[in-house]
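Student: Sequence first, predicted coordinates after that:
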Amino acid sequence: MTDLPDELSTDEIIRSLASGRPTTWLRSTGTEAVLPDLGDMMDSAAARFDRFAPWFAETFPEAATVPVEFASAFPGVSGGMIESALVPAPAAQHRLVDLFGSELGGRLWLKRDDSLPVSGSIKARGGFHEVLEFAEAVAAEHGLDSFDPATYSTREFREIAANHRIVVGSTGNLGLSIGILSARLGFAASVHMSADAREWKKTMLRDHGVDVIEHAGDFVEAVDAGRASAKAAENTHFVDDEDSVSLFAGYSVAALRLERQFAAAGVTIDEQNPLTVYLPCGIGGGPGGVTFGLKRVFGAAARCIFVEPSQAPAMFLGVRTGRHSGISVQDIGLSGATAADGLAVARPSRF
Ligand SMILES: Cc1ncc(COP(=O)(O)O)c(C=O)c1O
């Protein structure tokens, strides 16, 4: 084990984290107290997804209709929704009870973001939102009707888009979301991939005409390279996973959808019937955005737990020490390596 700096070695929780042991810390400060004021960001993002629904329905056959598993939660919506089912998981609940020997109160549900249309991960929420926001800005800048979904299928828009590039650094899933959507809108796209990115994701992106740049280093290196390449480039938008309000806004919309899905399932959520949500956390944007939304929708009745790999607890370390993006897991002797998809992140988001 690496020697911890003095000011950290007195913290028993950090010592446990540095040893690589599974460690739990429940904050005593309510999240409500530290939520940023982001105005109507979540509602604007939801409205943006609604505006683009006809375009998604037309462009991606798998998004043409709302799946029966959750259609009842969204009456009147005919298609083009980027959404996943919320399913009860009784077998997993029994297994957890057997494993841990303690009764789990309430009911266990799975939010199936692995089956989100087009790119199959939570990154579709934030990644798509930022690409759509950029597409609207480009359309408006060129005097096109950015609020009309039909604009994005016109030759005029596609010619303008071909002259713009979207760049992102990713461990895989964000790159897949940004790359596929950018390409389908007609943008040029570059995805900088870290060493842990899966081969099939690179192949899939290349098949969509996206430039994939492979890096031998970790996620931070891929993001830095992407940022540097976009810096002086004209007509180029860099999606900064380390610091993006637009990604965050896209993730937060999940909460508005979940509210409808729980209501359709007849599940009440209030202080007496709290909702505890376990969120896989990499850089923190995905779970952060979802938490922000859930707190807006359910207040203190929603309790969000970020779950990180024991070798890459970036957000845990940043928040616990108060150093946020100023500390990385390597600083306490951890490797940052994990098999958990998308979670090999050593330093949390600045945002
Ligand atoms: C499948 C999956 N879940 C969760 C996350 C975590 O999101 P974030 O890195 O924004 O914390 C990622 C990140 O890429 C992911 O790919």
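Tutor: On my side now, so go ahead.

Student: doesn't Val168 make contact with Gly226?
Tutor: Yes. Using C-beta atoms under 8 Å, Gly226 is in contact with Val168, at 5.9 Å. All C-beta spots, glycine's among them, are computed from the backbone N, C-alpha and C.

Student: Ala33: how many residues sit nearby?
Tutor: 6 (other C-beta atoms under 10 Å).

Student: Make sure it is indeed in a helix.
Tutor: Yes. Using DSSP: H, G, I helix; E, B strand; the rest coil, the secondary structure at Ala33 is a helix.

Student: measure it to the ligand for me?
Tutor: 22 Å (C-beta to the nearest ligand atom, to the nearest Å).

Student: tell me the SS of the residue in the stretch 251-351 of the chain that the ligand sits nearest to?
Tutor: For the stretch 251-351 of the chain, the residue closest to the ligand is Gly342, as judged by C-beta to the nearest ligand atom, at 2.2 Å. Assigned with three-state DSSP, Gly342 falls in the coil class.

Student: Around the ligand, pick out the residues from this structure.
Tutor: 121-123, 171, 173-174, 280-287, 341-343, 345 (C-beta under 6 Å from any ligand atom).

Student: If burial is judged by neighbour count, which of these pass?
Tutor: Buried residues within the residues of the chain next to the ligand, defined by neighbour count using 16 or more other C-beta atoms under 10 Å: 121-123, 171, 173-174, 280-287, 341-343, 345.

Student: The helix or strand harbouring Lys201: how far from the chain's middle?
Tutor: Using DSSP states H and E, Lys201 sits within helix 199-207. Relative to the chain's own centre, helix 199-207 is displaced by 20 Å; criterion: C-alpha atoms, centre = their mean, to the nearest Å.

Student: I'd like to know which elements that helix is packed against.
Tutor: Judged by 3 or more C-beta pairs under 8 Å, 6 or more residues apart in numbering; DSSP states H and E, the packing partners of helix 199-207 are helix 173-185, strand 188-193, strand 211-214.

Student: got a list of contacts for the last one?
Tutor: Outside of strand 211-214, the residues within contact range by C-beta atoms under 8 Å, 6 or more residues apart in numbering are 175, 179, 188-193, 195, 197, 202, 205-206, 225-226, 229.

Student: Same check on the second one?
Tutor: Among residues not part of strand 188-193, those counted as contacts by C-beta under 8 Å, 6+ apart are 162, 164-172, 175, 178-179, 182-183, 201-202, 205, 209-215, 222-223, 225-226, 229.

Student: One more pass at 6 Å, please.
Tutor: With contact meaning C-beta atoms under 6 Å, 6 or more residues apart in numbering, strand 188-193 is reached by 165-170, 175, 179, 182-183, 205, 210-214, 222, 225-226.

Student: Adjacent strands (with direction) for that strand?
Tutor: strand 165-170 (parallel), strand 211-214 (parallel) (DSSP bridges).

Student: Neighbour count for Gly226 and Val168, which is higher?
Tutor: More crowded of Gly226 and Val168, by other C-beta under 10 Å: Val168, with 31 against 25.

Student: Any idea what the more buried one is bridged to?
Tutor: Val191, Val239.

Student: thought it was touching Gly179?
Tutor: No. Using C-beta atoms under 6 Å, Val168 is not in contact with Gly179; the gap is 7.5 Å.

Student: where's the residue of the stretch 101-250 of the chain found nearest the ligand relative to Arg165, distance?
Tutor: Using C-beta to the nearest ligand atom, the point where the stretch 101-250 of the chain gets nearest to the ligand is Asn173, with a distance of 3.4 Å. As judged by C-beta to C-beta, to the nearest Å, Asn173 and Arg165 stand 20 Å apart.

Student: and if you look at Ile82?
Tutor: Applying C-beta to C-beta to Ile82 and Arg165 gives a distance of 23 Å.

Student: Of the contacts of strand 188-193, select the buried ones using a ChimeraX command.
Tutor: Filtering those down to the buried ones (16+ other C-beta under 10 Å) takes a single ChimeraX command:
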select :165,166,167,168,169,170,175,179,182,183,205,210,212,222,225,226
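
Student: Low-confidence regions, the stretch 1-150 of the chain specifically.
Tutor: 1-2 (pLDDT under 70).

Student: Would you map the helices across it?
Tutor: 6-9, 12-18, 41-59, 68-71, 90-100, 123-141 (DSSP state H, counting those that start in this stretch).

Student: of all those, which gets the most neighbours per residue?
Tutor: helix 123-141 (a mean of 23; mean count of other C-beta atoms under 10 Å).

Student: what angle sits between that helix and helix 41-59?
Tutor: 90 degrees (axes from the mean of the first three to the mean of the last three C-alpha atoms, to 10 degrees).

Student: quick one: contacts of helix 123-141?
Tutor: 45, 48, 52, 82, 116, 146, 151, 164, 173-174, 177-178, 181-182, 185, 237, 239, 246-247, 249-251, 254.

Student: Wait, Ala264 touches Ala71, no?
Tutor: No. Contact criterion C-beta under 6 Å: Ala264 and Ala71 do not qualify, at 9.3 Å.
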